[in-house]
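A.B. asks: My questions are about this predicted structure, shown below with the sequence.
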Amino acid sequence: MNEKLTRWLREPLVHFLAIGVALFAVNALLTRGESNDAADRRVTVTEAEVRWLRDTWQSRWQRPPTQAELRGLVDDYVRQEILYREAIAMGLDRDDEVIRRRMVQKIEFLTNDLATQVQPTEPQLQAYFQQNLDRYRIPELRSFAHVYFNLDQRGEAAVADAEQLVARLRSETPGTVRPAELGDRFMLQHEYRLQSEQDVGRIFGQRFAGALFELEPGEWQGPIGSGYGLHLAYVTEVEEPQMPTLALVRGDVLRDYASELREQANDAMLASVRSRYTVEIDEAAIRVLALGGDSSVGDR
(Lines give C-alpha, C1' and ligand atoms only; values in the text may rest on other atoms or scores of the structure.)
Protein backbone atom coordinates (compact mmCIF):
# COMPACT_ATOMS: atom_id res chain seq x y z
CA MET A 1 0.00 0.00 0.00
CA ASN A 2 2.81 2.37 0.90
CA GLU A 3 4.57 1.49 -2.35
CA LYS A 4 1.45 2.32 -4.36
CA LEU A 5 1.05 5.61 -2.51
CA THR A 6 4.69 6.51 -3.17
CA ARG A 7 4.33 5.71 -6.88
CA TRP A 8 1.14 7.80 -7.05
CA LEU A 9 2.82 10.77 -5.39
CA ARG A 10 5.56 10.67 -8.03
CA GLU A 11 3.11 11.09 -10.91
CA PRO A 12 3.57 14.47 -12.80
CA LEU A 13 -0.20 15.02 -12.90
CA VAL A 14 -0.29 14.97 -9.09
CA HIS A 15 2.48 17.58 -9.02
CA PHE A 16 0.58 19.88 -11.41
CA LEU A 17 -2.61 19.51 -9.37
CA ALA A 18 -0.71 20.34 -6.20
CA ILE A 19 0.79 23.44 -7.78
CA GLY A 20 -2.64 24.52 -8.99
CA VAL A 21 -4.18 24.11 -5.56
CA ALA A 22 -1.30 26.06 -4.01
CA LEU A 23 -1.71 28.93 -6.49
CA PHE A 24 -5.43 29.23 -5.82
CA ALA A 25 -4.80 29.03 -2.08
CA VAL A 26 -2.24 31.85 -2.22
CA ASN A 27 -4.62 33.91 -4.33
CA ALA A 28 -7.40 33.37 -1.79
CA LEU A 29 -5.15 34.65 0.99
CA LEU A 30 -3.99 37.67 -1.00
CA THR A 31 -7.49 38.67 -2.07
CA ARG A 32 -9.13 38.09 1.32
CA GLY A 33 -11.09 41.12 2.33
CA GLU A 34 -11.54 42.30 -1.25
CA SER A 35 -15.00 42.75 -2.75
CA ASN A 36 -16.54 39.45 -3.67
CA ASP A 37 -19.96 40.63 -4.75
CA ALA A 38 -22.09 38.35 -6.87
CA ALA A 39 -21.82 40.87 -9.69
CA ASP A 40 -18.05 40.39 -9.80
CA ARG A 41 -18.57 36.67 -10.35
CA ARG A 42 -21.28 36.93 -12.97
CA VAL A 43 -20.54 36.01 -16.59
CA THR A 44 -23.31 37.18 -18.90
CA VAL A 45 -23.47 35.99 -22.49
CA THR A 46 -25.83 38.32 -24.34
CA GLU A 47 -27.39 37.97 -27.75
CA ALA A 48 -24.64 40.25 -29.12
CA GLU A 49 -21.91 37.83 -27.94
CA VAL A 50 -23.77 34.82 -29.34
CA ARG A 51 -24.23 36.62 -32.66
CA TRP A 52 -20.52 37.52 -32.75
CA LEU A 53 -19.56 33.89 -32.07
CA ARG A 54 -21.90 32.68 -34.80
CA ASP A 55 -20.68 35.25 -37.35
CA THR A 56 -17.03 34.48 -36.59
CA TRP A 57 -17.65 30.76 -37.10
CA GLN A 58 -19.54 31.42 -40.34
CA SER A 59 -16.78 33.68 -41.66
CA ARG A 60 -14.21 30.94 -41.08
CA TRP A 61 -16.15 27.84 -42.17
CA GLN A 62 -18.44 29.43 -44.76
CA ARG A 63 -21.57 27.99 -43.10
CA PRO A 64 -23.60 28.71 -39.97
CA PRO A 65 -22.87 26.50 -36.93
CA THR A 66 -25.31 23.86 -35.79
CA GLN A 67 -27.03 24.36 -32.45
CA ALA A 68 -24.59 21.91 -30.83
CA GLU A 69 -21.60 23.72 -32.36
CA LEU A 70 -22.92 27.11 -31.26
CA ARG A 71 -23.49 25.73 -27.78
CA GLY A 72 -19.88 24.55 -27.75
CA LEU A 73 -18.68 28.00 -28.84
CA VAL A 74 -20.61 29.63 -26.01
CA ASP A 75 -19.26 27.12 -23.46
CA ASP A 76 -15.71 27.79 -24.65
CA TYR A 77 -16.33 31.56 -24.45
CA VAL A 78 -17.51 31.17 -20.83
CA ARG A 79 -14.51 28.98 -19.99
CA GLN A 80 -12.09 31.55 -21.40
CA GLU A 81 -13.83 34.43 -19.64
CA ILE A 82 -13.74 32.68 -16.25
CA LEU A 83 -10.10 31.62 -16.57
CA TYR A 84 -9.13 35.08 -17.84
CA ARG A 85 -10.72 36.75 -14.82
CA GLU A 86 -9.04 34.29 -12.47
CA ALA A 87 -5.67 34.89 -14.14
CA ILE A 88 -6.05 38.67 -13.76
CA ALA A 89 -7.19 38.29 -10.13
CA MET A 90 -4.11 36.14 -9.41
CA GLY A 91 -1.84 38.70 -11.07
CA LEU A 92 -0.60 36.26 -13.69
CA ASP A 93 -0.52 39.11 -16.22
CA ARG A 94 2.15 40.91 -14.21
CA ASP A 95 5.86 40.59 -15.02
CA ASP A 96 5.04 38.91 -18.33
CA GLU A 97 6.70 40.83 -21.17
CA VAL A 98 4.59 39.22 -23.90
CA ILE A 99 1.28 40.08 -22.18
CA ARG A 100 2.57 43.54 -21.27
CA ARG A 101 3.53 44.29 -24.88
CA ARG A 102 0.23 42.93 -26.20
CA MET A 103 -1.83 45.08 -23.83
CA VAL A 104 0.14 48.18 -24.83
CA GLN A 105 -0.42 47.37 -28.49
CA LYS A 106 -4.17 46.98 -27.95
CA ILE A 107 -4.43 50.47 -26.44
CA GLU A 108 -2.38 51.90 -29.31
CA PHE A 109 -4.58 50.07 -31.81
CA LEU A 110 -7.67 51.66 -30.24
CA THR A 111 -6.11 55.11 -30.56
CA ASN A 112 -5.01 54.38 -34.14
CA ASP A 113 -8.53 53.29 -35.07
CA LEU A 114 -9.96 56.56 -33.80
CA ALA A 115 -7.29 58.56 -35.61
CA THR A 116 -7.86 56.83 -38.97
CA GLN A 117 -11.55 57.73 -38.85
CA VAL A 118 -10.60 61.41 -39.23
CA GLN A 119 -10.43 62.20 -42.95
CA PRO A 120 -8.54 65.36 -43.94
CA THR A 121 -10.29 68.09 -45.88
CA GLU A 122 -8.82 69.14 -49.21
CA PRO A 123 -7.27 72.34 -47.74
CA GLN A 124 -5.72 70.31 -44.88
CA LEU A 125 -4.23 67.80 -47.31
CA GLN A 126 -2.94 70.56 -49.58
CA ALA A 127 -1.36 72.34 -46.60
CA TYR A 128 0.31 69.11 -45.45
CA PHE A 129 1.62 68.53 -48.98
CA GLN A 130 3.08 72.04 -49.17
CA GLN A 131 4.75 71.66 -45.77
CA ASN A 132 6.45 68.43 -46.87
CA LEU A 133 7.30 69.15 -50.50
CA ASP A 134 10.83 67.75 -50.29
CA ARG A 135 9.45 64.37 -49.22
CA TYR A 136 7.58 64.01 -52.52
CA ARG A 137 10.12 65.60 -54.87
CA ILE A 138 10.97 63.22 -57.72
CA PRO A 139 14.78 62.99 -57.73
CA GLU A 140 17.04 63.13 -60.77
CA LEU A 141 16.83 59.90 -62.76
CA ARG A 142 19.51 58.47 -65.06
CA SER A 143 19.65 55.70 -67.62
CA PHE A 144 23.09 54.18 -68.13
CA ALA A 145 25.12 51.27 -69.43
CA HIS A 146 28.31 49.86 -67.95
CA VAL A 147 31.15 47.47 -68.68
CA TYR A 148 32.48 45.42 -65.78
CA PHE A 149 36.08 44.49 -64.89
CA ASN A 150 36.66 41.77 -62.30
CA LEU A 151 39.53 42.71 -59.97
CA ASP A 152 39.92 39.16 -58.68
CA GLN A 153 40.50 37.85 -62.19
CA ARG A 154 42.53 40.69 -63.66
CA GLY A 155 44.42 41.88 -60.59
CA GLU A 156 46.67 44.91 -61.21
CA ALA A 157 45.96 44.80 -64.96
CA ALA A 158 42.29 45.73 -64.41
CA VAL A 159 42.88 49.51 -64.39
CA ALA A 160 45.06 49.46 -67.51
CA ASP A 161 42.56 47.20 -69.32
CA ALA A 162 39.67 49.54 -68.42
CA GLU A 163 41.57 52.65 -69.54
CA GLN A 164 42.52 50.99 -72.82
CA LEU A 165 38.90 49.99 -73.51
CA VAL A 166 37.40 53.37 -72.62
CA ALA A 167 39.76 55.06 -75.08
CA ARG A 168 38.59 52.68 -77.78
CA LEU A 169 34.88 53.06 -76.96
CA ARG A 170 35.06 56.84 -77.19
CA SER A 171 36.03 56.52 -80.83
CA GLU A 172 33.16 54.21 -81.71
CA THR A 173 29.54 55.01 -82.49
CA PRO A 174 27.58 54.64 -79.19
CA GLY A 175 24.72 52.67 -80.74
CA THR A 176 27.06 49.96 -81.96
CA VAL A 177 28.55 49.16 -78.51
CA ARG A 178 27.19 46.08 -76.72
CA PRO A 179 28.28 46.37 -73.06
CA ALA A 180 27.37 42.76 -72.20
CA GLU A 181 29.90 41.51 -74.76
CA LEU A 182 32.77 43.58 -73.33
CA GLY A 183 34.78 43.31 -70.13
CA ASP A 184 34.00 40.46 -67.75
CA ARG A 185 30.84 38.53 -67.00
CA PHE A 186 28.55 40.43 -64.60
CA MET A 187 25.86 38.76 -62.49
CA LEU A 188 23.37 41.64 -62.86
CA GLN A 189 22.26 43.83 -65.75
CA HIS A 190 24.56 45.80 -68.01
CA GLU A 191 21.96 48.48 -68.79
CA TYR A 192 19.58 50.32 -66.44
CA ARG A 193 16.79 52.75 -67.24
CA LEU A 194 15.80 55.83 -65.20
CA GLN A 195 17.29 55.00 -61.83
CA SER A 196 17.64 57.43 -58.92
CA GLU A 197 20.96 57.81 -57.12
CA GLN A 198 19.46 55.89 -54.22
CA ASP A 199 18.40 53.07 -56.56
CA VAL A 200 21.88 52.83 -58.06
CA GLY A 201 23.44 52.94 -54.60
CA ARG A 202 21.40 49.92 -53.50
CA ILE A 203 22.76 47.94 -56.47
CA PHE A 204 26.36 49.11 -56.85
CA GLY A 205 27.11 50.97 -53.62
CA GLN A 206 27.09 54.67 -52.83
CA ARG A 207 30.61 55.32 -54.15
CA PHE A 208 29.64 54.20 -57.66
CA ALA A 209 26.25 55.95 -57.50
CA GLY A 210 27.78 59.28 -56.45
CA ALA A 211 30.33 59.13 -59.27
CA LEU A 212 27.73 58.13 -61.87
CA PHE A 213 25.53 61.12 -61.05
CA GLU A 214 28.49 63.46 -61.60
CA LEU A 215 29.17 62.18 -65.13
CA GLU A 216 28.30 64.11 -68.26
CA PRO A 217 25.94 62.11 -70.48
CA GLY A 218 26.81 60.90 -73.96
CA GLU A 219 30.36 59.63 -73.40
CA TRP A 220 32.04 56.51 -72.00
CA GLN A 221 33.88 57.36 -68.79
CA GLY A 222 35.76 55.58 -66.04
CA PRO A 223 36.98 53.41 -64.58
CA ILE A 224 34.67 53.82 -61.58
CA GLY A 225 34.95 51.59 -58.52
CA SER A 226 32.08 49.69 -56.88
CA GLY A 227 31.65 46.85 -54.45
CA TYR A 228 31.96 44.46 -57.39
CA GLY A 229 35.11 45.83 -59.03
CA LEU A 230 35.70 48.44 -61.77
CA HIS A 231 33.26 49.79 -64.36
CA LEU A 232 33.17 51.95 -67.45
CA ALA A 233 29.90 53.90 -67.54
CA TYR A 234 27.85 55.63 -70.24
CA VAL A 235 24.93 57.85 -69.22
CA THR A 236 22.31 57.68 -71.96
CA GLU A 237 19.48 59.77 -70.47
CA VAL A 238 18.94 62.27 -67.65
CA GLU A 239 15.60 63.38 -66.19
CA GLU A 240 15.91 66.46 -64.01
CA PRO A 241 14.32 66.53 -60.53
CA GLN A 242 10.61 67.33 -60.61
CA MET A 243 8.06 68.61 -58.15
CA PRO A 244 4.86 66.60 -58.66
CA THR A 245 1.35 67.91 -58.19
CA LEU A 246 -0.77 66.72 -55.28
CA ALA A 247 -2.92 64.72 -57.70
CA LEU A 248 0.11 62.69 -58.82
CA VAL A 249 1.19 61.64 -55.30
CA ARG A 250 -2.17 61.87 -53.54
CA GLY A 251 -2.03 58.26 -52.28
CA ASP A 252 1.41 58.77 -50.69
CA VAL A 253 0.33 62.06 -49.09
CA LEU A 254 -2.83 60.50 -47.64
CA ARG A 255 -0.83 57.60 -46.21
CA ASP A 256 1.78 59.90 -44.64
CA TYR A 257 -0.90 62.25 -43.29
CA ALA A 258 -2.74 59.35 -41.63
CA SER A 259 0.52 57.99 -40.19
CA GLU A 260 1.44 61.36 -38.69
CA LEU A 261 -2.09 61.75 -37.32
CA ARG A 262 -1.85 58.34 -35.62
CA GLU A 263 1.49 59.29 -34.09
CA GLN A 264 0.10 62.58 -32.79
CA ALA A 265 -2.96 60.79 -31.39
CA ASN A 266 -0.78 58.27 -29.56
CA ASP A 267 1.43 61.06 -28.15
CA ALA A 268 -1.63 63.02 -26.98
CA MET A 269 -3.19 59.92 -25.42
CA LEU A 270 0.03 59.06 -23.59
CA ALA A 271 0.46 62.63 -22.34
CA SER A 272 -3.11 62.65 -21.04
CA VAL A 273 -2.74 59.31 -19.27
CA ARG A 274 0.74 60.03 -17.96
CA SER A 275 -0.47 63.24 -16.32
CA ARG A 276 -2.42 61.04 -13.89
CA TYR A 277 0.76 59.22 -12.78
CA THR A 278 3.71 60.18 -10.66
CA VAL A 279 6.82 58.90 -12.43
CA GLU A 280 10.02 58.45 -10.42
CA ILE A 281 13.19 57.44 -12.28
CA ASP A 282 16.60 56.63 -10.83
CA GLU A 283 18.60 58.91 -13.12
CA ALA A 284 21.88 58.02 -11.37
CA ALA A 285 21.35 54.35 -12.24
CA ILE A 286 20.83 55.29 -15.89
CA ARG A 287 24.06 57.26 -15.99
CA VAL A 288 26.11 54.53 -14.32
CA LEU A 289 24.62 51.53 -16.12
CA ALA A 290 24.79 53.23 -19.52
CA LEU A 291 28.56 53.25 -19.08
CA GLY A 292 28.62 49.55 -18.23
CA GLY A 293 29.09 50.13 -14.51
CA ASP A 294 27.25 48.83 -11.46
CA SER A 295 24.34 50.89 -10.10
CA SER A 296 25.54 50.15 -6.60
CA VAL A 297 28.55 52.41 -7.31
CA GLY A 298 26.32 55.45 -7.09
CA ASP A 299 25.24 54.52 -3.56
CA ARG A 300 28.74 54.58 -2.13
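C.D. replies: Cool, the structure landed.
A.B. asks: Pretty sure Leu125 sits against Tyr257.
C.D. replies: Yes - the criterion here is CB atoms under 8 Å, and Leu125 meets it with Tyr257 at 6.4 Å. In this view, the C-beta of every residue, glycine as well, is placed from N, C-alpha and C.
A.B. asks: between these two, which one's more packed in?
C.D. replies: Each of Leu125 and Tyr257 has its neighbours counted (other CB atoms under 10 Å); Tyr257 has more, 19 against 16.
A.B. asks: Distance of that one relative to Ala127?
C.D. replies: Distance, Tyr257 to Ala127, using CB to CB, to the nearest Å: 10 Å.
A.B. asks: Look at Arg142 and tell me its secondary structure.
C.D. replies: strand (DSSP: H, G, I helix; E, B strand; the rest coil).
A.B. asks: Near it, how many other residues are there?
C.D. replies: 24.
A.B. asks: ok, now Glu191?
C.D. replies: Counted with other CB under 10 Å, Glu191 comes out at 13.
A.B. asks: give me the beta-bridge partners of it?
C.D. replies: Ala145 (DSSP bridges).
A.B. asks: Hmm, it is touching Ala145, no?
C.D. replies: Yes - counting by CB under 8 Å, Glu191 sits close enough to Ala145 to count as a contact (4.6 Å).
A.B. asks: Distance from the one helix or strand Gly201 maps to to the middle of the chain?
C.D. replies: For Gly201, the host element (DSSP states H and E) is helix 197-204. Helix 197-204 sits 22 Å away from the centroid of its parent chain (CA atoms, centre = their mean, to the nearest Å).
A.B. asks: Buried residues, it. List them.
C.D. replies: 197, 200-201, 204 (16 or more other CB atoms under 10 Å).
A.B. asks: And these, which is closest to Ala87?
C.D. replies: Checking the buried residues of helix 197-204 against Ala87 by CB to CB gives Gly201 as the nearest, at 51.3 Å.
A.B. asks: so who does the closest one touch?
C.D. replies: 208-210 (CB atoms under 8 Å, 6 or more residues apart in numbering).
A.B. asks: C-terminal to the worst-scoring helix or strand of the chain on mean pLDDT, what's the next element?
C.D. replies: For the chain, using mean pLDDT, DSSP states H and E, the weakest element among its helices and strands is helix 12-30, scoring a mean of 45. Downstream of helix 12-30, the first helix or strand assigned by DSSP H and E is helix 47-61.
A.B. asks: list the helices and strands that following helix packs on?
C.D. replies: Secondary-structure packing of helix 47-61 (3 or more CB pairs under 8 Å, 6 or more residues apart in numbering; DSSP states H and E): helix 67-89.
A.B. asks: what about the following helix or strand past the helix it packs on, distance to the chain center?
C.D. replies: Note on helix 67-89: by DSSP H and E, the next helix or strand toward the C-terminus is helix 97-116. What separates the centre of helix 97-116 from the centre of its chain is 15 Å, taken as CA atoms, centre = their mean.
A.B. asks: cool, stretch 158-172 as well?
C.D. replies: Worked out by CA atoms, centre = their mean, stretch 158-172 lies 46 Å from the chain centre.
A.B. asks: And for it, what's in contact with it?
C.D. replies: 147, 149-151, 154, 177, 182-183, 219-223, 229-230, 232, 234.
A.B. asks: List only those of those residues flagged as buried.
C.D. replies: 147, 149, 154, 177, 182-183, 220-223, 229-230, 232, 234.
A.B. asks: where's Tyr128 relative to Ile88, distance?
C.D. replies: Using CB to CB, we find Tyr128 at a distance of 42 Å from Ile88.
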